[in-house]
Every structure is written in C-alpha cells, then in structure tokens.
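**Student:** What follows is a predicted structure for the sequence shown.
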Amino acid sequence: MTKVTTLSQQAFNAKKADVISKELIRKEINISEFQIINDNTIEIHGKQLPISKTAFKRVLRRMRIPHAFARRFEQGYGSDGLKQLIQMVKMAKSNKNDQKVTIVLDPDRGEIVDILPKGYASISNEAFVGFAEGYIDKYNLSPTHFGSDGNGSATINCTSDSSLLRIPGMENEIFQTGVTFSNSVSNGLQVQPYMTRLVCANGMSSTAFAENYGLTSLDTKSVEQFNEHMLQLATTGFQPVGIADQIKKAANTDASLFELQRAASAIMNTDEKISYEYAQKFAPIERAKKAYDAIGSDTSKFTTPQLKTAKSGMSVWDVVNGMTNFASNDTKYGVDEYKASNLMVTAGNILMKKKFDTEDLILVNPFAKNDLLSERETTILRGE
C-alpha cells in the first residue's frame, strides 16, 4: 500500500500564514447604499470599485432578476438600460424594506468579490484555521492538503492513522479515512468525510455525503452541535454511511459518455493550462467517442440524453479514480491544493450520485430475431 504523505508542521504553518494574509474584508450595508454602474463596476458611498462576475450575479439574484433576462435586456437597451433596470428594482426593494447585505472586498485587488445576505461570511479564515486545528489535535488527524483560492475560501484535508475502511470482495480498495474542513464566504465552515485510497494515495471527498455538516457562526450553541457531530464521525471512523455498497455499485456499473465527458471537463477546468490531450490520460473521452465513430455513430451529434445512455467502456469507479489520481498525484501542471481538493469533491459527487446514468439500462432484447407480432397480427392490428 502507498504511504499517505502528510504536511509537516512547518508546511502547515506556512499555509496557515498565507491563508490568513489573504483575509477578505466583510461589511454589512443597506442595499440603498450602493449602486451598480455596469456589470463590472459598483459604487458605494460615492466610490467606484470593480465588481466580480460572481458578485454581479449575486446582485441580480438579490433583486430577483434572472441573469439570462439581464443579458437580453442589456443587448436590447445597452449597459445604461441595464443599470436603470437594476436601480429601479433596487429602489423598489429599499423603499419597501431597506435590507442589509454583506459586501465582501478583496483588499489586495480592491474588488468586491461577493455580495451576500446579512450575517453571512461571519467566520474569518483565522478563526476557521484555529477552529480546525483544535479538532485536528483532539482527534489526532494528519493534514494532507491545505489550500485557498485567494477569494476567502480555504480547505484542509486530513486523514486519521487509526481509521481504515476495507471494501469486502475488492482487494485493492482499502482507504484511510478522515475529514475535510472548508470555509468560504458563501457557505461558512463545513466538515465532511475524506478518504484516501491507499493503493495509489488518491484522495476524495464529496458534498453528497450524508455526514456533511456546516455552520455559519461560532456561537456557543453552534459549536456544541458541531462537537456532537464530530464525535459521531469519530465514533464511526469518519466513514460515510453506505460508501462500501456505493463503491461496489460504481465498480460494476458502466460509466456513460456523459459521465466520462464530465470528468474530462472537470480535470481541464482545474487549471486553464491543462490541455484536452493531457486530460485524456485520466479521462479518455476521445478514445471512447472514436469507438462509436468507428461503427458509424457520430458522437458529435449525440444529444445529452443519448450521451447518458451510451456506455464509455469504463466503469464509474474507473472514471472517479481517474479524476482523483490527477487531483492527488499529478505533478506536471502543479495544480494548487485548493483546486485539487475541489476536483476531489467533484469526483466524490459523481461516485455518490443516487443513480448512475446507465444503471437502469435494459440490455437484453428478446425480440432481436423475432418481432412480437406475426405479419398477420400486425396487419390485423393496423386494421389493414
């Protein structure tokens, strides 16, 4: 079995200092106190600041203006028209109830990176790291990855040396289990099971695990509930409920072209430098499509439903492992640990789907040689 590489205390402290140094500024203001100039500029108390695409979409959502509608409106009436529309809706809301929102500012770029409801983004990364360190020490966890995205989000993956998960009947499927701690301005602090496949040191987590738990403040009641949840996780060895059966099912179910294509896209989206050709090493969607092209099926014309019912020649478990292998072990592109952790979560979410694409396909065709009806029966049925 591969030995899991963990972070030294020195490496952890360096990551900690980096995450805390990139702390975002949070400020609650009334919606009447800002004005959207265009899709990349906001004015607050007379000062214009750049606004991220995410923050602009948040404003539209806050005003209950569909993003697609806003784009069509801007195409028809220009950016000034869109500005007037947003201002009109905003004023109507503020006149009725001048609600507060949380403005999230990146001080390094001087950019508004998010606009959230009142009370969000209340856990700083400094508090998050200190909080996670307490549980790392308490449950003797070993950090394996620690990264941030520069926009106030951070992730710490940890394993437990004393917790092993073995999948009955699958010799190579032995996992060291643990937890993932994450913090973001939009979702607060969250914890979820984390698994490392020991045959190749592939790490994986999922937002679909039933054991996921989150909190948006560190008040006494929230922390007490969190403590109880962590105790329950530790009692079960940090193992997700039903994971053994899910892995078995994934290993015995053919992945669809759609699932393989999603894996390839997720790998490429991890970093803009990753080429389509390189992604094929971990999610060979090109080879799978060419196999269909070779028998006269043009996959470029497949609809999404058709992609979901077309087998890829790989199991779902193979697809998941291709993603986690890249996320955990690839050194060519030097993908940062936060992006790698996100890819591990995407892989875990594919594994934890309630139903795989090809799961209910019926392959047996009792009418391959003979139709159900005779020619005479068909004639009678048609009334001919």
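**Tutor:** All right, it came through fine. Numbering: from 1, shown residues only.
**Student:** can you map out the strands along this protein?
**Tutor:** For the chain, strands defined by DSSP state E occupy the ranges 25-30, 34-38, 41-44, 47-50, 100-106, 111-117, 141-148, 154-166, 174-184, 188-197, 202-205, 213-215, 254-256, 311-315.
**Student:** Tell me which other helices or strands the worst-scoring helix or strand of the chain on mean pLDDT touches.
**Tutor:** The weakest-scoring helix or strand in the chain, judged by mean pLDDT, DSSP states H and E, is helix 67-96 (a mean of 72). When contacts are defined as 3 or more CB pairs under 8 Å, 6 or more residues apart in numbering; DSSP states H and E, helix 67-96 sits against strand 34-38, helix 53-62. Where you see a C-beta, it was placed from the backbone N, CA and C, and this is true even at glycine.
**Student:** Quick one, which of those gets closest to residue 220.
**Tutor:** Set against residue 220 and scored by CB to CB, the helices and strands packed on helix 67-96 come closest in helix 53-62, at 30.2 Å.
**Student:** Only the C-alpha atoms, please, for that closest one, written as CSV.
**Tutor:** The C-alpha trace of helix 53-62 is given here as CSV (Å, rounded to 0.1, in the frame of the first residue of the first chain):
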residue,chain,number,x,y,z
LYS,A,53,-18.8,38.3,-12.1
THR,A,54,-19.9,36.3,-9.1
ALA,A,55,-20.8,39.5,-7.1
PHE,A,56,-22.7,40.9,-10.1
LYS,A,57,-24.7,37.7,-10.4
ARG,A,58,-25.4,37.9,-6.7
VAL,A,59,-26.9,41.4,-7.1
LEU,A,60,-29.1,40.2,-9.9
ARG,A,61,-30.3,37.3,-7.7
ARG,A,62,-30.8,39.6,-4.8
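**Student:** hmm, who's touching it?
**Tutor:** Contacts with helix 53-62, where a contact means CB atoms under 8 Å, 6 or more residues apart in numbering, come from 31, 36, 39-40, 42, 51, 66-67, 70, 86, 101, 104, 112-117.
**Student:** swap in stretch 102-117?
**Tutor:** Outside stretch 102-117, the residues touching it (CB under 8 Å, 6+ apart) are 22, 24-29, 34, 42, 44, 49-52, 54-55, 58-59, 62, 101, 118-121, 150-152, 185-186.
**Student:** Pull out the buried positions in that stretch.
**Tutor:** 102-106, 111-116 (16 or more other CB atoms under 10 Å).
**Student:** Mind exporting the C-alpha coordinates of that stretch to CSV?
**Tutor:** What follows is stretch 102-117, C-alpha atoms only, in CSV (Å, rounded to 0.1, in the frame of the first residue of the first chain):
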residue,chain,number,x,y,z
THR,A,102,-22.8,41.7,3.3
ILE,A,103,-20.3,43.2,1.0
VAL,A,104,-17.1,41.1,0.6
LEU,A,105,-14.0,43.0,-0.5
ASP,A,106,-10.6,41.7,-1.6
PRO,A,107,-8.2,44.4,-0.2
ASP,A,108,-5.3,43.3,-2.5
ARG,A,109,-7.3,43.9,-5.7
GLY,A,110,-9.7,46.5,-4.3
GLU,A,111,-12.5,44.4,-5.8
ILE,A,112,-15.9,43.4,-4.5
VAL,A,113,-15.8,39.6,-4.9
ASP,A,114,-19.2,38.7,-3.4
ILE,A,115,-22.5,40.2,-2.1
LEU,A,116,-24.3,38.0,0.4
PRO,A,117,-27.3,38.2,2.7
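**Student:** any idea how far that stretch is from the chain center?
**Tutor:** 22 Å (CA atoms, centre = their mean, to the nearest Å).
**Student:** do you know which of the strands of the chain lies nearest residue 238?
**Tutor:** Nearest to residue 238, of the strands of the chain and by CB to CB, is strand 174-184 at 4.2 Å.
**Student:** Can you show me the CA trace of the closest one as PDB?
**Tutor:** Output in PDB follows, covering the C-alpha atoms of strand 174-184 (Å, rounded to 0.1, in the frame of the first residue of the first chain):
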ATOM      1  CA  ILE A 174      -8.600  -0.100   1.200                       C
ATOM      2  CA  PHE A 175      -9.000   3.500   2.400                       C
ATOM      3  CA  GLN A 176      -7.600   5.700   5.200                       C
ATOM      4  CA  THR A 177     -10.500   7.900   6.300                       C
ATOM      5  CA  GLY A 178     -10.600  11.300   7.800                       C
ATOM      6  CA  VAL A 179     -12.300  14.700   7.300                       C
ATOM      7  CA  THR A 180     -12.200  17.800   5.100                       C
ATOM      8  CA  PHE A 181     -12.600  21.200   6.800                       C
ATOM      9  CA  SER A 182     -13.500  24.000   4.500                       C
ATOM     10  CA  ASN A 183     -14.500  27.700   4.800                       C
ATOM     11  CA  SER A 184     -16.000  30.100   2.300                       C
END
